[in-house]
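Peer 1: Just the structure for this:
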Amino acid sequence: MAGLKNISAAFRLRQMARRCSGSLISLPVDLVNTRNILVLLPAGQKELTMIKQFLPEISRVFAGCEIYLLAAPGSQVYGIFPRKGYRIMTPSSDHLTWSGLAKKSYIAALRKNEYDLILDLNLSPQQFMQSILLSFSGAIRIGGCSSLGRPYYNLEIRSKFLRDEKNIYKSIIDMIGQFRANSPARSENNIN
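Peer 2: Model (predicted):
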């Protein structure tokens, strides 16, 4: 049955990918103008523990933004992540299709938050998170260089670290921070 669900999910994702028209982004200006950030968390406890260490850095990079953390279905993040300063969401089985993708009603509920930027911290593809990425084609969608590429992301950040997950996460967050810090729009906003 799991094999049939994977086949069904993969078919649906291919259909969604064909219809997904990614918006063009202007770097670094568009990164500075973000207000609502959705961070897609990986499912593994090891990865979640690593990412927890980077939450202060994510908050610093996206200072002044509302940060939402979306855990994979079934993840146990509430015991690991602090609730202060973040909105943590964990989808239940009611939010999933039979094949494990996000339901249209769940996507509609997420859209109410008007995400400007989606940061995917999954280093290997997860079908649920892929369905989220394809549902927000108007947002800046950033991920590490995985096997996804376009149309899932409109900005991929390559790391020189191949297997060192901690340094891969650090590279992604540091690069976004550099883009935001060096933006001419940021300087103009600070002057006014």
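Peer 1: rest of the way, CA atoms for contacts and neighbours
Peer 2: OK.
Peer 1: which residues in the chain form strands?
Peer 2: 36-40, 66-70, 87-89, 117-120, 140-144, 155-157 (DSSP state E).
Peer 1: lowest average confidence, helix or strand, in the protein?
Peer 2: Sorting the helices and strands of the chain by mean pLDDT, DSSP states H and E puts helix 184-191 at the bottom, at a mean of 49.
Peer 1: quick one on the thing from earlier: next, format the strands of the chain as a markdown table and append mean neighbour count, mean pLDDT and distance to Asp30.
Peer 2: Below are those laid out as a markdown table (neighbours: other Cα atoms under 10 Å; pLDDT from 0 to 100; distance: least, Cα to Cα, whole Å):
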| stretch | mean neighbour count | mean pLDDT | distance to Asp30 |
| --- | --- | --- | --- |
| strand 36-40 | 21 | 96 | 12 |
| strand 66-70 | 19 | 94 | 16 |
| strand 87-89 | 16 | 89 | 23 |
| strand 117-120 | 23 | 96 | 9 |
| strand 140-144 | 24 | 90 | 8 |
| strand 155-157 | 18 | 88 | 12 |
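Peer 1: now these as CSV including distance to Lys166?
Peer 2: Shown next, in CSV, are those (distance: least, Cα to Cα, whole Å):
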stretch, distance to Lys166
strand 36-40, 16
strand 66-70, 18
strand 87-89, 21
strand 117-120, 15
strand 140-144, 12
strand 155-157, 15
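Peer 1: What separation do you get for the nearest residue to Ser21 once chain neighbours are set aside and Ala71?
Peer 2: Using Cα to Cα, 6 or more residues apart in numbering and skipping the chain neighbours, the partner closest in space to Ser21 is Ser137 (6.2 Å). Note on Ser137: its distance to Ala71, by Cα to Cα, to the nearest Å, is 20 Å.
Peer 1: go on, Cys65?
Peer 2: Where Ala71 is concerned, Cys65 sits at a distance of 19 Å (Cα to Cα).
Peer 1: All good on my end, thank you.
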